[in-house]
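Asks: sharing a sequence plus its predicted fold:
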Amino acid sequence: MIDVEPMFTRSDGDYLFARWGRPIVPVVFGVDDATLSVVKGAIEAVVVLAGHQMAETDPELGVNLMMFVFREWDELVETPDLDRLVPDLGPLVVRLKAAEANQYRHFRFDETGAIKAAFVFVRMDAEMEQVPAEDIALAQAAQTILLWSDVAFRDKGPLARIGENVVLRPDIAAVIRAGYDKVMPSAAIDPSHALRLAARVARDLPV
């Protein structure tokens, strides 16, 4: 049986799971029209995999999944009103620059603990420049559909190569489907939740 608990156990030791509690309404900044179609296609594919929904607008927020693609972290500080959406944006940018990070995801939650908004930041450094747009989009969509641990993909990303194609790892796809099972909660902090996920994943994955 796949070990699901580490996927949602954060670096501080706390177990924390959350999925989207509302339809996803994405917008992408910093890309051309062709890349925009690629990104939205990847998001839609992962949403369909999860059995979740997308929508044209969010009644509370308008859009609730914002992806920013840029060259330098300082560009975020210069983006109007972004500091109102992402708390402590200035200090966050300083930390990300110091870590030489090329991606970051920030989530907001509703009163039940479910995800209500996400902000995805992708810095196109030399490493990212070598990755096809389709792969970047699919990886970010997968990492945004659930609140994974902050170290879940530190050693191994969510994608796998099968022949000439890059796809979601089967175990990650199975966890996403399990996480959106209608009988499962939208948020959980008890590690026993991982056992319920793992049981569903075991039924989903081929032997």
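Replies: The structure has been received and is ready for your questions.

Asks: after the helix or strand encompassing residue 34, which helix or strand is next?
Replies: Assigned by DSSP states H and E, residue 34 falls within helix 33-50. The element immediately downstream of helix 33-50 (helix or strand, assigned by DSSP H and E) is strand 65-70.

Asks: could you point out the helix or strand that follows that following strand?
Replies: Downstream of strand 65-70 (by DSSP H and E), the next one is helix 74-77.

Asks: got the contact list for that following helix?
Replies: Here helix 74-77 makes contact (Cβ atoms under 8 Å, 6 or more residues apart in numbering) with 68, 70, 82, 83, 86, 89, 90, 93, 97, 121. The C-beta positions use only the backbone N, C-alpha and C, and glycine is treated the same way.

Asks: OK, contacts around the third one?
Replies: When contacts are counted by Cβ under 8 Å, 6+ apart, residue 82 touches 76, 89.

Asks: where does this structure have low pLDDT?
Replies: By pLDDT under 70, the low-scoring segments of the chain are 1, 206-207.

Asks: pull the longest strand from it.
Replies: strand 115-123 (DSSP state E).

Asks: name the nearest residue to residue 168, sequence neighbours excluded.
Replies: Among residues not flanking residue 168 along the chain, residue 142 sits closest, at 5.7 Å (Cβ to Cβ, 6 or more residues apart in numbering).

Asks: ok, the one you found - contacts?
Replies: So, once contact is read as Cβ under 8 Å, 6+ apart, residue 142 ends up touching 46, 158, 159, 168, 172, 176.

Asks: mind telling me what element it is part of?
Replies: helix 133-145.

Asks: tell me the domain boundaries of the chain?
Replies: 1-17+150-207, 20-145 (automatic domain parsing).

Asks: thinking again about what came up before, what packs against the longest strand of the chain?
Replies: Applying 3 or more Cβ pairs under 8 Å, 6 or more residues apart in numbering; DSSP states H and E, one finds that strand 115-123 makes contact with strand 65-70, strand 103-109, helix 133-145.

Asks: show me what contacts residue 57?
Replies: 25, 63.

Asks: what is the burial count for the closest residue to residue 153 other than its chain neighbours?
Replies: Counting by Cβ to Cβ, 6+ apart, residue 143 is the residue found nearest to residue 153 once chain neighbours are left out, at 6.7 Å. Counted with other Cβ atoms under 10 Å, residues neighbouring residue 143 total 20.

Asks: now do the contacts for residue 143.
Replies: Neighbours of residue 143 in contact, by Cβ under 8 Å, 6+ apart: 105, 153, 158.

Asks: sorry, back to before: of the contacts of helix 74-77, closest to residue 186?
Replies: Lowest distance from residue 186 to the contacts of helix 74-77 (Cβ to Cβ) belongs to residue 86, with 22.4 Å.
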